[in-house]
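Engineer: I would like the atomic coordinates for the input below:
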Amino acid sequence: MIENRELTVDDYLAMLRRRAPIILIPALVAPLLGFLISFAFPAKYTSSSTILVEGQKVPENMVQPVVSEDLNARLSALQQRVLSASKLQPIVGRIYPAKSAAEQGEIIDDIRANITVSPVPTEFAQTKKRPGGSSAVPGFTVNYTAPNPHEAQQICNELTSLFVTENLNEIQAAATGTSEVLNRGIEDAKRNLDDLDSKLAGFKKQYVGQLPGDEESNLKILMGLNSQLDANTQTLNRAQQDKAYTESMLAQQFGAWKSAQSSTNPQTLEKQLSDLQSELVSLQARYTNDHPDVVKAKADIAEVKKKLAEINKAAADAPDAMNDKASAGEPPEIRQLRLQIHQYTELIAAATRDQKRLQTEIAQYQGRVSLSPAIEEQYKLLTRDYDNAQKAYQDLLTKKSTNDLTINMNNQSQGERMFPAVAASFPESPSSPNRAMFAAGGLGAGLALGLALAMWFEFRDKSIRTEADAETALQLPILAAVPWVGAAANGNGNGNGSRFWLLKKKPDSQKETLTV
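Structural biologist: Numbers count the residues shown, from 1 in each chain. Below is the predicted model:
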């Protein structure tokens, strides 16, 4: 190829024609080599199964589902549990009973490395509608690759069953765990509610009549007690005045009656007593003490002293005559006055007791009214805590009832479930190595190699084949081109035919003829 010349499409086509054998030979040999190389790799077979997830049949507005997280997140966690050693060990033990523990461990590692889980294709999901619904059923496929088809199908089938079983166990465990948590929460809420109920009952008992709802009634009662106290005070004052007036009337009438009840007065009785005492002395001088005259004289002296003492006592006690019992000989007016004084005394005592009682009750209700704000604050705190505890308890009972319905729904196979829509397939042909891909890769490599060789040979070839090559090589314009005539023209192997080119001479030189 002549350098420093712009190539055209015709130039490239000429190159392909000239180097076609160099390009075609690697392109034909390399696919065959790639196909043969694919047999150097061991064949592997992939079994596939499809698992669909069917939602719960009971509407969610009636019974909440047990699990509500995204299916992809659940599937990732489910895959981790399925591929755990504790879950895979029984499967390996059933399929390879003769293997040792170490070999079974290697098989478990192979299972983890050769399993793939992917979402269900959209077109497949659209064909599996929920009954009566319009949305596609979500799901996923389980693929397992093994050295032989029977092993791939068997292990894929076991893994599919394990996925379905683990999902069912997860839902049941979630429902049971939720039920246990709710039961413990209900017990704690019940204890808390009982404690607050006891505190609230004790508070009501301690502050009976002082609770927030009693404030208005306490004010009304306090106003009524003040009115009663005013009336009681008026009654007590009036009774005391009437008693004092009646006592003065009694003293006057009692004194007048005492003065007029006998012809003798205190001075007369004293003179009579003196005479009787003188007579007694004279009689004792003549007789013994047992003499009738001496005995009579002593009796008369005693009687006079008694009357004199009664008169003196009546005169001294006249202001307090209401406390004395009227003698049977007193006139009715005096007895009536004494009865009125007694009634006034009882009325004053009763009014005094009522006054003290009313004052005590007024102080009590005044204390209740003054303490009402503080007690109301404490009562509100207790009531709020009790209401919150009761609400929390009722919410837990509602959730427990809903969870029981969910458990019953799952036990009756009405909840969400996974089911194998397509069983594990039996691979008729190996999934790897892909011999067609090996052949296609060989074809691509052969073409690349052929093109590279063709370009290498073309760049090393310095032959002049066209007028453009001649002009580029000699840096002179072409005046004329004369082709070969005869057999020589057709026998040349360059594909262009040999020609004479007549080139223009350079300055100060002769014309030259160049033959190529």
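
Engineer: helices and strands around the biggest strand by length in the chain, which ones?
Structural biologist: Under DSSP state E, the strand in the chain containing the largest number of residues is strand 45-54. Contact here means 3 or more C-beta pairs under 8 Å, 6 or more residues apart in numbering; DSSP states H and E; on that basis strand 45-54 packs against strand 139-146, helix 149-206, strand 417-422. (Each C-beta comes from the backbone N, C-alpha and C, glycine too.)

Engineer: Reformat the ones you listed as a markdown table; add distance to residue 393 and mean neighbour count.
Structural biologist: Below are these laid out as a markdown table (distance: least, C-beta to C-beta, whole Å; neighbours: other C-beta atoms under 10 Å):
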| stretch | distance to residue 393 | mean neighbour count |
| --- | --- | --- |
| strand 139-146 | 41 | 22 |
| helix 149-206 | 4 | 16 |
| strand 417-422 | 33 | 17 |
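
Engineer: Tell me which of the ones you listed sits nearest to residue 224.
Structural biologist: Nearest to residue 224 among those is helix 149-206; the distance by C-beta to C-beta comes to 23.9 Å.

Engineer: In contact with the nearest residue to residue 107 once chain neighbours are set aside, which residues?
Structural biologist: Take residue 107 and drop its neighbours on the chain: the residue closest to it by C-beta to C-beta, 6 or more residues apart in numbering is residue 92, 5.1 Å away. Counting by C-beta atoms under 8 Å, 6 or more residues apart in numbering, residue 92 touches 99, 104, 107, 108, 111.

Engineer: which helices and strands sit right next to the helix or strand hosting the last one?
Structural biologist: Element membership of residue 111 [criterion: DSSP states H and E] is helix 101-114. The helices and strands touching helix 101-114, judged by 3+ C-beta pairs under 8 Å, 6+ apart, are helix 85-95, strand 139-146.

Engineer: Buried residues, it. List them.
Structural biologist: Neighbour-count burial for helix 101-114, counted by 16 or more other C-beta atoms under 10 Å, picks out 104, 107, 108, 110, 111, 114.

Engineer: Contacts for that helix next, please.
Structural biologist: 83, 85, 88-89, 92-93, 96, 99, 144-146, 155, 159.

Engineer: and the next element down the chain from the longest strand of the chain?
Structural biologist: helix 71-82.

Engineer: Which secondary structure state is assigned to residue 208?
Structural biologist: For residue 208, the assignment made with DSSP: H, G, I helix; E, B strand; the rest coil gives coil.

Engineer: Look up how far residue 218 lies from it.
Structural biologist: For residue 208, the distance to residue 218 (C-beta to C-beta, to the nearest Å) stands at 11 Å.

Engineer: same deal with residue 347?
Structural biologist: 30 Å.

Engineer: again, but for residue 102
Structural biologist: 88 Å.

Engineer: circling back to that earlier point, pick the one among the contacts of residue 92 closest to residue 256.
Structural biologist: So of the contacts of residue 92, ranked by how close each gets to residue 256 (C-beta to C-beta), first place is residue 108, at 134.5 Å.

Engineer: gap between that closest one and residue 78?
Structural biologist: 18 Å.

Engineer: Repeat that for residue 463.
Structural biologist: As judged by C-beta to C-beta, residue 463 and residue 78 stand 71 Å apart.

Engineer: Between these two, point out the one with more neighbours.
Structural biologist: Just comparing residue 463 and residue 78: by other C-beta atoms under 10 Å the higher neighbour count belongs to residue 78, 19 against 11.

Engineer: what number of residues lie near residue 90?
Structural biologist: 11.

Engineer: swap in residue 49?
Structural biologist: By other C-beta under 10 Å, neighbour count at residue 49 equals 22.

Engineer: same question, residue 254
Structural biologist: Residue 254 has 24 nearby residues by other C-beta under 10 Å.

Engineer: Quick one: list the elements packing against whichever strand or helix holds it.
Structural biologist: Assessed by DSSP H and E, residue 254 sits inside helix 215-260. Under the contact definition 3+ C-beta pairs under 8 Å, 6+ apart, helix 215-260 sits against helix 292-316, helix 332-411.

Engineer: and the last one with helix 215-260, angle?
Structural biologist: Same thing as helix 332-411. Angle, helix 332-411 to helix 215-260, by axes from the mean of the first three to the mean of the last three C-alpha atoms, to 10 degrees: 160 degrees.
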